[in-house]
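Trainee: Structure of the sequence below:
(one chain, ligands or ions: 1)
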Amino acid sequence: MSFTFALSSAAAALLLAVLPASSSLAQLPAKYLTEQPVRANHAMVVTIHHDATDAGLQILREGGNAVDAAVAVGFALAVVYPEAGNIGGGGFMLIRPSGRGLNGGQPVFLDYREEAPGSAGANMYLDRAGEVIPQMSITGMHASGVPGTVAGLTYAEQHFGRLGLVRVMAPAIRLAREGFVLPAQEAGDMHAGNLARFAASRRIFQRDGNFYRPGEVFRQPELAATLERIRRDPASFYHGKLAEQFAAFEAANGGMITAEDLARYRVRERRPLLGQYRGLKVLTAPPPSSGGIVLIEILNILSGYDVASLGADRSANQIHIIAEAFRRAYMDRGDYLGDPDFNRMPLEQMASQAYAAAWRRTIDPFSPTPSAKLVRPAGFLPAASTPLHPQLESSETTHFSIVDAEGNAVSSTYTLNFGFGSGVTVDPLGFLLNDEMDDFTSKVGVPNAYGLIQSSANAIAPGKRPLSAMTPTIVSEPPVCSPSGAGDRQGSSVYYVPLPANCKPGRLRLVLGSPGGSTIMTTVANDLISVVDNHLNIQAAADAPRFHHQYLPDVLQFEKAFPVATVEQMQARGYSTRRAAEFDEKSAGVWGDSELIEVDPASGELLGGHDHRHTFGKAAGY
Ligand code: DON
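Mentor: Take a look at the predicted model:
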């Protein structure tokens, strides 16, 4: 595969001159570099669960487009992956048409993120002394935002699908009614403590203590009935009998979501962000996700370096420059971002190349910049409006990638937030509720133990959507215009600019995304860099051990599988490091779950990379 490289900057040349050669030699273990992706000629689906992948593939084979398949996968994951797949949560779907046949050729970003209920308020998780009440925004009846998934998936089908809800929901309903065989990893996860605390969850997912064993068939008749009702009348979840039952459950159990909250919920169609990297177009998530703008800032900073010439993939020299880009982009994330319907945000300035160049000048070629000493380049961004306040982010969500036979692509990440969300199952409807309220800032101005920073742009308010890190992303070649380049204004704004009639979308290259809370953006960045700069194949990129830096805490984090020699090299440069679950032999010490597709630019073949950190997923195509 050949990608175009931008010229390396003088800084990179200097860097190469001063770095000890040995630090560029460290290399990933061969097992990561020799893995091969799944190959297909027409269409591809990659998800964390093989039954969900099969559901999507079946729909594609029946003539559905990528959106039909995505809706089928979304509903199927709600059944077979209750840890994160859901109808009681929310998420994002990025759709990129390959030509004028779908949405006139214009990409669209569906925001079906949860919303704070009408009775929510900025201080709702504080006690009388003004202290955060532990767990209140994470477990139980006060943790949930108004779910958006049913609205999002049905909207996607109605506006962009081809087959209709009846057909695309069929696999999910069958899986719920007839059951599916529980993989060992999932059966183990269903022992989760938050499920045990709520009667319906304990009954459905834990058989009242007689836990499901690996290989058993898991049936969910209540969920099947709810899905059937959604299929018959999707509006009923927000306006009809389903909404009534949901609101009655909330009222009876001290919850906050009312029939009015449900009736008010709307899917938002937003313009995706568009960045540039090594001559490629990076279509990605706008606010209320922080993911896209942070990814664009990272890539803008890195585009001034010839990353591949610094050393091998995940060698110390590469990690240093990439981690310093991470550190700087995450600093900005904390200060400015929130729900775009409630905030004005300086996204154009954050995405400017001049700003990235100014950031680059602050990067020492060898040593880390301590976060406490990091100073944002002056003259680019407005003053941060509020005090910084760190916030915990969590770690269960799911991403899937789909390309159909016409080349239309869907990249979608959706979530309950933490594993099994709030732990509460809406009885008798059989679905779990999210704990997305925890993605808001619980207490303005006061650092907590976790060190991730956010501003009052993300304070709780009725009807507001919490800031997310989810980063569904699609990479392509530039549009093809006739005459060449004429009219293509892409790059004139950080938002996607619609293509004029004389241009057609460029060839698809990558469909990317992952769960992982605050690590999502660095996982997506690492996957993209590994393929574009380092020419790893998509399977190797999905599986290679990860590193992460998020500005605060000022710690360079590594997955447990990361070569110890490299971690030690980074320590020797002055980084504080942490290897995930280093002292817990039983822990896998991993984060994220990249479910990825690459298009081989030479042959047009589709290459699927399923993340082997999870043992029950699958890339499959035809
Ligand atoms: O929207 C967010 O950023 C979080 N609620 C996502 C949580 C997550 O990725 C957990 N995943 N493993």
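Trainee: Would you point out which residue is most central in the protein?
Mentor: Against the mean C-alpha coordinate of the chain, by CA atoms, centre = their mean, the closest residue is residue 470 at 3.0 Å.
Trainee: Quick check: that one vs the ligand, distance?
Mentor: Going from residue 470 to the ligand by CB to the nearest ligand atom, to the nearest Å gives 5 Å. In short, each C-beta sits where N, CA and C put it, glycine included.
Trainee: so what's that residue up against?
Mentor: Counting by CB atoms under 8 Å, 6 or more residues apart in numbering, residue 470 makes contact with 91-92, 285, 289, 291, 397, 399, 413-415, 513, 515, 520.
Trainee: give me that answer again for 10 Å
Mentor: 90-92, 113, 285, 288-292, 397, 399, 412-415, 439, 513-517, 520-521, 524 (CB atoms under 10 Å, 6 or more residues apart in numbering).
Trainee: In helices, which of the residues you listed fall?
Mentor: 291-292, 520-521, 524 (DSSP state H).
Trainee: For those residues, which two are the farthest from each other?
Mentor: Using CB to CB, these span at most 10.8 Å, a distance reached by 292 and 520.
Trainee: Common neighbours of those two, please.
Mentor: Common neighbours of residue 292 and residue 520 (CB under 10 Å, 6+ apart) are 285, 470-472.
Trainee: Show me which residues of this protein sit near the ligand.
Mentor: 394-397, 415, 417, 436, 439, 468-470, 515-517, 520 (CB under 6 Å from any ligand atom).
Trainee: which of those residues has the weakest pLDDT?
Mentor: In this model, the minimum pLDDT among those belongs to residue 394 (40).
Trainee: quick revisit: just to be careful, could you list which of the contacts of residue 470 are in strands?
Mentor: Judged by DSSP state E, strands contain the following of the contacts of residue 470: 90-92, 399, 412-415.
Trainee: Taking those together, which two end up most distant?
Mentor: 90 and 399 (14.0 Å).
Trainee: So for the two, which residue has more residues nearby?
Mentor: residue 399 (34 against 31; other CB atoms under 10 Å).
Trainee: per-residue pLDDT, that one?
Mentor: Per-residue pLDDT puts residue 399 at 98.
Trainee: burial measure for the nearest residue to it once chain neighbours are set aside, as a count.
Mentor: In this structure, residue 399 finds its nearest non-sequential neighbour in residue 513, 3.8 Å apart by CB to CB, 6 or more residues apart in numbering. Burial of residue 513 is recorded as 32 neighbouring residues (other CB under 10 Å).
Trainee: Check residue 494 too.
Mentor: Residue 494 has 21 neighbouring residues, counting by other CB under 10 Å.
Trainee: and if you look at residue 115?
Mentor: Counted with other CB under 10 Å, residue 115 comes out at 27.
Trainee: Enumerate every residue touching the residue in the stretch 251-400 of the chain positioned nearest to the ligand.
Mentor: Distances between the stretch 251-400 of the chain and the ligand by CB to the nearest ligand atom are smallest at residue 397, namely 3.2 Å. Residues counted as contacts of residue 397 (CB under 10 Å, 6+ apart) are 48, 83-86, 89, 91, 413-419, 468-470, 513-517, 520, 592-593.
Trainee: Just give me the longest helix of this protein.
Mentor: helix 316-336.
Trainee: Convert the C-alpha atoms of that one to PDB, please.
Mentor: Provided in PDB are the C-alpha atoms of helix 316-336 (Å, rounded to 0.1, in the frame of the first residue of the first chain):
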ATOM      1  CA  ALA A 316      10.400   4.600  21.800                       C
ATOM      2  CA  ASN A 317      11.100   7.400  19.300                       C
ATOM      3  CA  GLN A 318       7.600   7.100  17.800                       C
ATOM      4  CA  ILE A 319       5.900   6.800  21.100                       C
ATOM      5  CA  HIS A 320       7.600   9.900  22.400                       C
ATOM      6  CA  ILE A 321       6.400  12.200  19.600                       C
ATOM      7  CA  ILE A 322       2.900  10.600  19.500                       C
ATOM      8  CA  ALA A 323       2.500  10.800  23.300                       C
ATOM      9  CA  GLU A 324       3.500  14.500  23.200                       C
ATOM     10  CA  ALA A 325       0.800  15.100  20.600                       C
ATOM     11  CA  PHE A 326      -1.700  13.200  22.700                       C
ATOM     12  CA  ARG A 327      -0.800  15.300  25.800                       C
ATOM     13  CA  ARG A 328      -1.300  18.600  24.000                       C
ATOM     14  CA  ALA A 329      -4.600  17.700  22.300                       C
ATOM     15  CA  TYR A 330      -6.000  16.300  25.600                       C
ATOM     16  CA  MET A 331      -5.200  19.600  27.400                       C
ATOM     17  CA  ASP A 332      -7.500  21.400  25.000                       C
ATOM     18  CA  ARG A 333     -10.200  18.700  25.300                       C
ATOM     19  CA  GLY A 334     -10.600  19.500  28.900                       C
ATOM     20  CA  ASP A 335     -11.100  23.200  28.600                       C
ATOM     21  CA  TYR A 336     -13.600  23.900  25.800                       C
END
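Trainee: Quick one: classify residue 186 as helix, strand or coil.
Mentor: helix (DSSP: H, G, I helix; E, B strand; the rest coil).
Trainee: Just to check, it is in contact with residue 213?
Mentor: No: using CB atoms under 10 Å, residue 186 is not in contact with residue 213, being 11.2 Å away.
Trainee: Of those two, which one has the most company?
Mentor: Ranked by neighbour count (other CB under 10 Å), residue 186 and residue 213 place residue 186 first, with 22 against 10.
Trainee: Quick one: residues contacting that one.
Mentor: Contact partners of residue 186, counting by CB under 10 Å, 6+ apart, are 48-49, 80-83, 180, 212, 214, 218, 614-616.
Trainee: Next, format those as TSV and append pLDDT.
Mentor: Output for those, formatted as TSV (pLDDT from 0 to 100):
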residue	pLDDT
48	98
49	98
80	98
81	98
82	98
83	97
180	98
212	98
214	97
218	98
614	93
615	92
616	96
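Trainee: residue ranges with poor pLDDT in the stretch 451-600 of the chain?
Mentor: For the stretch 451-600 of the chain, the stretches with pLDDT under 70 are 451-454.
Trainee: Now do the strands in it.
Mentor: 453-454, 473-476, 480-481, 503-504, 508-512, 547-548, 556-558, 577-579, 595-599 (DSSP state E, counting those that start in this stretch).
Trainee: remind me which residues of the stretch 301-450 of the chain are low pLDDT?
Mentor: Scanning the stretch 301-450 of the chain for pLDDT under 70 picks out 385-395, 444-450.
Trainee: For the ligand, see how far away residue 102 is.
Mentor: 27 Å.
Trainee: same question, residue 472
Mentor: 11 Å.
Trainee: which residues does that residue contact?
Mentor: Counting by CB under 10 Å, 6+ apart, residue 472 has contacts 91-95, 109-110, 272, 283-285, 289, 291-292, 399-401, 410-414, 511-514, 520, 524.
Trainee: just residue 436 next, same as before
Mentor: So residue 436 contacts 88-91, 113-116, 137, 143-148, 394, 415-418, 421-422, 465-466, 468 (CB under 10 Å, 6+ apart).
Trainee: just residue 473 next, same as before
Mentor: Contacts of residue 473 by CB under 10 Å, 6+ apart are 94, 272-273, 275, 282-285, 291-292, 295-296, 399, 401, 411, 413, 510-514, 521, 524-525, 527-528, 596.
Trainee: at 7 Å what do you get?
Mentor: 282-284, 295, 411, 512-513, 524 (CB atoms under 7 Å, 6 or more residues apart in numbering).
Trainee: before we move on, what about residue 579?
Mentor: Contact partners of residue 579, counting by CB under 7 Å, 6+ apart, are 558, 560, 562, 567, 589.
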